[in-house]
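>>> Got a predicted structure plus its sequence, pasted below:
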Amino acid sequence: MTLYCATSNPGKLAEFQAAAPRGLRIIAAPPFDCPETGASFEENAVEKALRAAEDVRGPVFADDSGLVVDAIGGEPGVHSARYAGPAATDAQNRARLLRRLRARKRPAARFVCLLALARRGRLLLTCRGVCEGLILDAPRGSGGFGYDPLFFFPPLGRTFAELTVEEKSAHSHRGQAFRLLVEELPRLLNYTRRFHEPR
């Protein structure tokens with residue numbers, strides 16, 4: 001079975017592909033234009049999924065996710081990808097976050113992910129995943145993307161950028177939401193075959 005993923009972020013696509021169980025193929029949906037104007041992760045994910053579903057025949061899911069830090073009023077939130085400006089790099093976004101935190105000692109933070117699944121112009125499902133952690137005062141690790149080098153995950157004692165793809169998928173907000181979506185696929189799409197465990 002093929003499921004389209006509406007994202008232009010190669011890091012997200014790779015994570016979904018690595019987490020996909022046997023029998024489920026994840027491929028990138030054709031590029032599309034969809035300004036993220038929603039006030040929440042869910043609004044943005046739904047908007048992107050419905051827009052992407054206009055261009056493909058099969059089911060398509062979209063992700064909207066980001067970092068929420070209570071100490072600075074929930075920033076960067078839905079603006080995570082463009083926190084330092086519309087064309088900001090990951091490094092620039094991280095630098096702005098550290099400036100906003102003003103050297104607070106490991107403030108609590110959470111990654112939030114909303115996935116929306118659509119087909120033929122109809123929204124089928126939304127799934128939410130949350131992962132709690134702390135923000136370090138300097139990046140650690142060379143893996144992942146975005147805020148991963150700053151996001152310290154206490155249960156494993158490492159940042160997300162220090163985890164393998166498999167470790168991150170097992171614990172992350174995105175992995176949680178994706179597993180919920182996969183569980184519902186057979187019922188929603190009238191697919192009789194159950195998926196096997198991830199490779």
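Thanks, I have the structure now.

>>> drop to CA atoms for contacts and neighbour counts, all remaining ones
OK.

>>> If you count residues, where's the longest helix of this protein?
Criterion DSSP state H: the longest helix present in the chain is helix 173-188.

>>> Put the alpha carbons of it into CSV.
This file holds the C-alpha atoms of helix 173-188, laid out as CSV (Å, rounded to 0.1, in the frame of the first residue of the first chain):
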residue,chain,number,x,y,z
HIS,A,173,6.2,13.2,18.9
ARG,A,174,6.3,12.4,15.2
GLY,A,175,6.7,8.7,15.9
GLN,A,176,3.8,8.6,18.3
ALA,A,177,1.4,10.3,15.9
PHE,A,178,2.5,8.2,13.0
ARG,A,179,1.9,4.9,14.8
LEU,A,180,-1.6,6.1,15.7
LEU,A,181,-2.2,6.9,12.0
VAL,A,182,-0.9,3.5,10.8
GLU,A,183,-3.2,1.7,13.3
GLU,A,184,-6.2,3.3,11.8
LEU,A,185,-5.3,3.0,8.1
PRO,A,186,-6.9,-0.4,7.5
ARG,A,187,-10.2,0.7,8.9
LEU,A,188,-10.3,4.1,7.2
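
>>> What average pLDDT does that helix get?
Mean pLDDT, helix 173-188: 94.

>>> Over to stretch 128-138?
pLDDT averaged over stretch 128-138 gives 97.

>>> returning to what we had before: buried ones in the longest helix of the chain?
For helix 173-188, the neighbour count (16 or more other Cα atoms under 10 Å) marks 173, 174, 175, 176, 177, 178, 179, 180, 181, 185 as buried.
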